[in-house]
Structures are given as C-alpha cells and as structure tokens.
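> this one's sequence-less:
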Ligand code: ATP
Ligand code: MG
C-alpha cells in the first residue's frame, strides 16, 4: 500500500463518522423535524459520465433514504443552458440503476422549476432583498473586496423596489444584452464570507436551453437555484461535498427569506470528496481524455467512471464493500486504490469460478503419452468454495504452459520447468522436462517432457514432492482468445492536475492475442467473471463475438504463487 492511504480508513474514528450524517438524521427524527421525514437527492450536472466519486455520493444519499424509510430523487442540475448531451443523461440514469437496483428510475430536471425560481427572485426584490446592478463583471469583482478587506457597496444598491421590479421584468423580456444587468441579493458587503457579499443571483444569457427552449434569456446562478430546487422538492437533507461549506450561509439565507420555505428549510450537510490514488478524477479531465483519444471512450475499463468500473468487471457488492470501508467523513484525503482492488478480490474470492488460462503459450509435448488419447480430469471450480463443484478438463499429449514457466538455465530457487526438473501440472500429473527445441533465432518453440501416470491428481499420490505447480491447457482442446491487461491510469501519486496528460501511464493497457483457454469457457457469456489461476480476475467483455472471446483483467491476484 502506498503512503497515500486514507488515514481515517482503518480506525474507529471513521467507523463512527460513517454515521455522522445518520446521527444528524436521528436527532431530526427524534425532534420530529420535517415531520420525521427523510428525503435526499443526487444532483448531477449532465455534462459528462459519472465517476466513482459520484458513486460515493449516490450510495450515501440513496442509502440514507432507504435506511430511514425515506425518499431519494435524481435531479439533473441543468440550470446552466450549456449544451446538454442526451447520452450523458442516459448514462447517468443507467449508472444509478446499476448502483441502486431498487430505485424507480424517475428523473427530475431543475430546469422545470425556472418559473418557481423567477417567482422567488421577484419575492426577494419585493422584500427589498435583491437589486438590479449595472456594474460590469470586472467592477463587481473589484467592489467585492478580498479575504482581508471588506467589499464596497454598489451605487445601485439602493434602487427603489419599483425600479428593480421594472428592470427585472425587462431583463426577462429580453430588452438587454448579455452582461448588461444582473440581479444581486442584498446582504452584506462587509461580511467575512465573500459569498455573502451581495452575490449575483440572475444573469442575462441569450441562450437556447434544451428543456425550456427559448422561453428564458435570464438564468439563475447555481447558489440561488440549488436551495430552491431542494426545498421545492421537499428535500430534507441536502448532502454535498466540502467545497460548498462556505456557500452554506447563502443557501440558508435564500430559504430563510422565502415565505414558502422559511419554516422548514432544507439543511445542507457537507462531506469530503473521494479521491483515489493513481487515478484522475473530475469530469473535466476525464472528458479531455475521452475527446483527445487517450482512452477508448467513457467506459474504457481503465476509467474511474462508473461505466468504466462496471465494464472492468467490478461488482456492485464490491463497490459497496469499498465505500463502507472508507466511510464518510469531513476530512479530505486520497484513498489508496489498493483498497478498491481488495474489495473486488474479497468479493470474487468465493464467487468466481477458477479456471486455467495461458496468456503467453509455449507448447509442451508429453512424449510418453499415447498419441490420439484424451482423458478428462476432475478439477474443482473454486478451492475456497466447495459448493461450486467440479468440472472436467481435457488432457492429451500436447499442452500449453506459460513461456516464463520454462527456463533453459534457471537461477537458484527457480522451481518451475527446466531440463531435468519435475513439476506438478495443476489438476493433472507430474511432468519432467527432458529436452526442448529452439528456432533459428534461439527462441524455445517446444518442450519435451514425460509424465508419470502414478502421480495423477486426486489419487492421493504422496511418494515424492515437487516444488513447482503450473497451470496449463490442453493444446488439442482449447480456445484462443484476446486478453486485455490493465495497469493504473496515472504513473505518479502526484495529484497536481497541471499537465496531467504527461503523467498518464503509457502501458496502462496491454492486449494479448492468442491466449489459450480451457474449452469450458464456452459455457459462459459476456459479463461472467473468472479467476484465471495465478493471473487474477477477469471478465468476458462485450467486444466478444460468438467465436472469439475478449477478456478484461479486473484485478491481479494479491499474491501469485509463482
Ligand atoms: P467533478 O468535479 O468530477 O466534475 P462535480 O462536482 O462537478 O464533479 P456534479 O455533477 O456537479 O459533479 O456533482 C454531483 C454531485 O456529486 C455533487 O453533489 C458533488 O458534490 C458530488 N461529487 C462530485 N465529485 C465527488 C467526489 N469525488 N466524491 C464524492 N462526491 C462527489
Ligand atoms: Mg460540476
């Protein structure tokens, strides 16, 4: 494990803090706040595929709703009229369905509440709590002050309510060009929290919106829209990530000043974002990798997107196991990706059938085995789960083993095959190497062995021991396939996002052709997972065809017994 391991992950503090939001909810229920209702939401911007950080947020929100007999909303945060891509909406819904199989699949859209948001803005103007400003964006920034200096009031701050209402209506009617006027909340230019220094709440944008079409040329700012979306839907606990902590006073201010919401305002609760070592997160960066061809699409198995993780072969159970282990806290940290890998190993250990696959084959000829003879040997499907039963594997005169399981001149402590040495073939016999053949380039092409019929696996043979056990497949009865091996996306642990493209691991994907698999694989289908003995866990990829299998490596084995 690297040094970046989440420091909180393994101690009791996290175990307790898993419940820090649940604790708030418990108190609220006890006090009959919100009438003891619990209603959470997940509000993605549909501008990319979701990643494992979002999965943390989804599972947290959905989990809290379920645990407390509450409700959960998926709400697309589409108040910004940027071009929305339908494929993002579709992928987000699919991801949530995968993570939350009980979810009803119903999606809400923040843009459906534009009328409501406009009404709320008018209410604030009427209460003298919002004003139209014609300072330029630069001037607004200049007037805002700094962390150490208070801001300066705009000369327009004390415009009359009538004039504000008139200008806002005209803004809405399209009388002004982009940037000419803005609507600002009237709070406190001297507030120590810059977010409270009369933030802009509506701006002019003559832009087409995918949902409201040409109806609007003014759009609400996120910080104003979000509390209204939450409260309007009856959300009780609005769970978000830490970067919104400083925005909470404004969130509260908005709801406290709107008659419809002030009596039972939604409460915002923040938790720390998930980051993974050796992995780029952030939709913006992932999008760049997709668009510039650094990966094979959003669901490339190397991607930390939920669809990438799914295609890589991770199970929902393993994700929950991982999320449970890292917990929820307010302390920002980077979680070692090894924890995620462990979760899938643990999950598949007893679930995935084990089989033999030779990734880099070299032929072994068993010279004393009768030509044309085939026998079927018993092999257990999972040595850690007897209930998975056994299968028959064929054995004949020619088999494949891994190229690196043979050496002409082995170093000390090499227990695999070399001239004069005897090894065990898993589920079969002992074989002894007598000779080998090389091509004109000096590469070994064939290995000649003899087998000892007395050493058949499962017969209790104990007369002599061998130190090496090799996996193999029957050369006369096997399947050719493509196997993709994956390594980490980033080469460094370093989290600096500048020039991140230069830090990508150029060897994160290796494609092996002509790998040899047991014939039994034929009984399986896309999405089935296996342990290839000594190699790790693999899944049958959707790129497979009826007569050609493609496997993705999910994760290596922690300890290979080489
Ligand atoms: P990114 O930074 O990857 O672009 P985002 O925050 O812009 O993500 P949104 O679609 O705006 O993505 O966020 C939807 C929800 O997911 C928000 O509530 C946000 O706080 C949460 N979220 C985003 N990234 C993470 C993360 N790494 N860990 C946990 N929650 C996250
Ligand atoms: Mg965002």
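Done, it's in. Please read all numbers here as calculations on a predicted model, not as lab measurements. Numbering: from 1, shown residues only. Ligands and ions are numbered 1, 2, ... in the order given.

> Residue numbers of the stretch 51-200 of the chain in contact with ligand 1?
Within the stretch 51-200 of the chain, the positions near ligand 1 by CB under 6 Å from any ligand atom are 51, 53-54, 56-57. C-beta here means a position set from N, CA and C on the backbone, and glycine is covered the same way.

> let's go with 5 Å and repeat that
For the stretch 51-200 of the chain, the residues in contact with ligand 1 (CB under 5 Å from any ligand atom) are 53-54, 56-57.

> looking at those, which has the most residues close by?
Among these, residue 54 has the most neighbours (other CB atoms under 10 Å), with 24 neighbours.

> Would you mind naming what in this structure lies close to ligand 1?
44-45, 53-54, 56-57, 240-241, 273-274, 282-283.

> ok, now with 6 Å
For the chain, the residues in contact with ligand 1 (CB under 6 Å from any ligand atom) are 43-45, 51, 53-54, 56-57, 240-241, 273-274, 281-284.

> From residue 515, how far out is the nearest residue to residue 482 once chain neighbours are set aside?
In space, and not counting its chain neighbours, residue 482 is closest to residue 550: 4.6 Å by CB to CB, 6 or more residues apart in numbering. Relative to residue 515, residue 550 is positioned 10 Å away (CB to CB, to the nearest Å).

> Between these two, which contacts overlap?
By the contact definition CB atoms under 8 Å, 6 or more residues apart in numbering, residue 550 and residue 515 are jointly contacted by 481-483.

> count of residues packed around residue 448?
Neighbour count of residue 448, defined by other CB under 10 Å: 17.

> Tell me where the model's unsure across the stretch 401-550 of the chain.
Across the stretch 401-550 of the chain, the ranges flagged by pLDDT under 70 are 494-495.

> Which one of the residues in it is closest to ligand 1?
residue 497 (10.8 Å; CB to the nearest ligand atom).

> Kindly confirm my reading that that residue forms part of a strand.
No. Assessed with DSSP: H, G, I helix; E, B strand; the rest coil, residue 497 is coil; it does not lie in a strand.

> and residue 220, backbone torsions?
Dihedral pair for residue 220: phi -70, psi 150, per degrees, to the nearest 10.

> That one is in contact with residue 119, isn't it?
No. Counting by CB atoms under 8 Å, residue 220 sits too far from residue 119 to count as a contact (11.3 Å).

> Between those two, point out the one with more neighbours.
Using other CB under 10 Å, the more surrounded residue of residue 220 and residue 119 is residue 220, with 26 against 13.

> Tell me which residues touch the residue lying closest to the more buried one once chain neighbours are set aside, please.
Once flanking residues are discounted, residue 220 sits nearest to residue 117: 4.7 Å by CB to CB, 6+ apart. Neighbour list for residue 117: 79, 220, 224-225, 228 [criterion: CB under 8 Å, 6+ apart].

> In ChimeraX, select just the buried ones from those.
Selection of the buried residues among the contacts of residue 117 in ChimeraX, burial being defined by 16 or more other CB atoms under 10 Å:
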select :79,220,224,225,228
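
> Where does pLDDT dip in the protein?
Applying pLDDT under 70 to the chain flags the ranges 1-18, 83, 494-495, 559-562.

> can you tell me the residue of it closest to ligand 1?
Here the chain gets closest to ligand 1 at one residue, residue 53, 2.1 Å apart by CB to the nearest ligand atom.

> I'd guessed that residue sits against residue 281; true?
Yes. Between residue 53 and residue 281 there is a contact under CB under 8 Å: 5.5 Å.

> At which residues are the strands of the stretch 151-300 of the chain located?
Using DSSP state E, counting those that start in this stretch, the strands of the stretch 151-300 of the chain run over 182-185, 200-204, 218-220, 237-241, 267-271, 274-276.

> Now for residue 53 and residue 281: what residues contact both?
Residues touching both residue 53 and residue 281 by CB under 8 Å, 6+ apart: 274-275, 304.

> Redo those as CSV? Include distance to residue 380 and neighbour count.
Below are those laid out as CSV (distance: CB to CB, whole Å; neighbours: other CB atoms under 10 Å):
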residue, distance to residue 380, neighbour count
274, 38, 24
275, 40, 19
304, 35, 26
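
> Could you export those as a markdown table, including distance to residue 412?
Formatted as a markdown table, these follow (distance: CB to CB, whole Å):
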| residue | distance to residue 412 |
| --- | --- |
| 274 | 45 |
| 275 | 43 |
| 304 | 42 |
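
> quick check: angle from the helix or strand hosting residue 115 to strand 200-204?
Here residue 115 sits within helix 114-126, counting by DSSP states H and E. With axes from the mean of the first three to the mean of the last three CA atoms, to 10 degrees defining the directions, helix 114-126 sits at 120 degrees from strand 200-204.

> Now do the buried residues in helix 114-126.
Of all the residues in helix 114-126, those buried under the rule 16+ other CB under 10 Å are 114, 116-118, 120-122, 124-125.

> and what of stretch 551-560?
Those would be 551-557, for stretch 551-560 by 16+ other CB under 10 Å.

> From the residues you listed, which land in strands?
Of the buried residues of stretch 551-560, the ones assigned to strands by DSSP state E are 551-555.

> same for the longest helix along the chain, what does it pack against?
For the chain, the longest helix by residue count, based on DSSP state H, is helix 52-67. When contacts are defined as 3 or more CB pairs under 8 Å, 6 or more residues apart in numbering; DSSP states H and E, helix 52-67 packs onto helix 20-30, strand 39-42, strand 71-76, helix 86-99, strand 237-241, strand 274-276, helix 306-312, helix 316-326.

> any chance of those in JSON lines, plus distance to residue 140?
Putting these into JSON lines (distance: least, CB to CB, whole Å) gives the following:
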{"stretch": "helix 20-30", "distance to residue 140": "35"}
{"stretch": "strand 39-42", "distance to residue 140": "31"}
{"stretch": "strand 71-76", "distance to residue 140": "29"}
{"stretch": "helix 86-99", "distance to residue 140": "32"}
{"stretch": "strand 237-241", "distance to residue 140": "25"}
{"stretch": "strand 274-276", "distance to residue 140": "33"}
{"stretch": "helix 306-312", "distance to residue 140": "38"}
{"stretch": "helix 316-326", "distance to residue 140": "40"}
